[in-house]
Each structure stands twice: as C-alpha cells, then as structure tokens.
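1. Here is the input, now give the coordinates:
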Amino acid sequence: MKLTTLCYPIVNGKVLLAMKKRGVGVGKWNGPGGKLKANESSEDACLRETQEEVGVIPLFLEYRGVIEFIVPSDPEIDNRCKIFVATAIEGIPVETEEMWPRWFDRDNIPYDEMWDDDRIWLPSVLAGGSVSKRFTFDVNGKVVREEDL
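-> Alright, predicted model coming up:
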C-alpha cells in the first residue's frame, strides 16, 4: 500500500484547499499532498508536496491522524495517508500544473465537490480533532464501508 500525506493549512480561520487538475481526484477540492519518496518521512513529504502543488511551505505542522483509502475496483489507488494541519504558511498560494488553490471559510467547505469521505472526518480535524479510519469506495467514488483503525 502506498504511503501518502495530506496537508490542510488553516490561517486566520480560513482553510487552504486546492482543485485537483489531473490524475486521481481530478475536479475535486482536496488538501495538497501526495506520495512519499524512498526514505522520506511523512513530514518531509507533506512539506515537499505542498510546496510543489500550491507553492507554499506549511509551517507548524500538526499530525492529526491516519486514513486508509481502499478502492477494490482499482487497487493502485489504495493508500495509507497521514493527515496534517499547518497553522501558518510561508509564501503565497499559486496555481500549478497539478492544483488550483483557494482559501475557504471553515464553515463554507465545498464538501459536495470533494471526496465522499471528507464530510465524515474533515470537520473534526479542522476543529482540532484527529482521525483514524479506513474507507472503502465503490467504482463511483462513494464510501461503501467505514471502519475505525
């Protein structure tokens, strides 16, 4: 199973999300993140991927838990993802080939344009909580099973 990260910068009550422009999740809002390279820590991958995808360096990373994403119809997508929140950033978000960033008020997160599982766990993480879940998705990207890890 691939190891991945997601980062949710929260600055001045706003959350930085980014619209995925290519690859898995295209057309969905998500936190920046991605796969770990060989011998790379989750924290280093989170920093690198956020900078590559939206042009900022997340500061004061806080580990908020882990999620396993399981897609029986496409096992190549399966991954174990560490979730981080950053309470500050260095730089100004910019659009890249991978993602288009935008700030959202915490009470106006576009859950209808995100992965189906996000509405289940993300509100708690954004409010200071943590997550430890496994989600199984059907071929249409809908959650068909939710388990605690």
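2. need the helices for the protein, in chain order.
-> For the chain, the helices defined by DSSP state H occupy 42-54, 118-126.
3. Kindly reformat these as CSV containing mean neighbour count.
-> C-beta coordinates here come from the backbone N, C-alpha and C atoms, glycine included. Compiled in CSV, the helices of the chain are given as follows (neighbours: other C-beta atoms under 10 Å):
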stretch, mean neighbour count
helix 42-54, 21
helix 118-126, 18
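4. so which of these comes closest to Val94?
-> Closest to Val94 of the helices of the chain is helix 42-54 (C-beta to C-beta; 6.8 Å).
5. From the contact counts, what lies against that closest one?
-> Packed against helix 42-54 by the contact rule (3 or more C-beta pairs under 8 Å, 6 or more residues apart in numbering; DSSP states H and E) you find strand 2-11, strand 14-20, strand 33-35, strand 57-70, strand 79-90, strand 99-105.
6. So what are the sheet partners of the last one and their directions?
-> What that stands for is strand 99-105. According to DSSP bridges, strand 99-105 forms sheet pairs with strand 14-20 (antiparallel).
7. Likewise for the fourth one?
-> With DSSP bridges as the test, strand 57-70 is paired with strand 79-90 (antiparallel), strand 131-137 (parallel).
8. Enumerate the positions of the lowest-mean-pLDDT helix or strand in the chain that are buried.
-> When the helices and strands of the chain are scored by mean pLDDT, DSSP states H and E, strand 33-35 comes last with a mean of 95. Residues of strand 33-35 classed as buried under the neighbour-count rule (16 or more other C-beta atoms under 10 Å) are Gly33, Gly34.
9. Number of residues surrounding the residue lying closest to Gly141 once chain neighbours are set aside?
-> Take Gly141 and drop its neighbours on the chain: the residue closest to it by C-beta to C-beta, 6 or more residues apart in numbering is Asp116, 5.9 Å away. Close neighbours of Asp116, defined as other C-beta atoms under 10 Å, add up to 16.
10. What does the pLDDT read for Asp116?
-> Note for Asp116: predicted pLDDT of 97.
11. Deepest-packed of the strands paired with strand 57-70, please.
-> A comparison of the strands paired with strand 57-70 by mean neighbour count, using mean count of other C-beta atoms under 10 Å, puts strand 79-90 on top with a mean of 19.
12. tilt between it and helix 118-126?
-> Here the directions of strand 79-90 and helix 118-126 differ by 50 degrees (axes from the mean of the first three to the mean of the last three C-alpha atoms, to 10 degrees).
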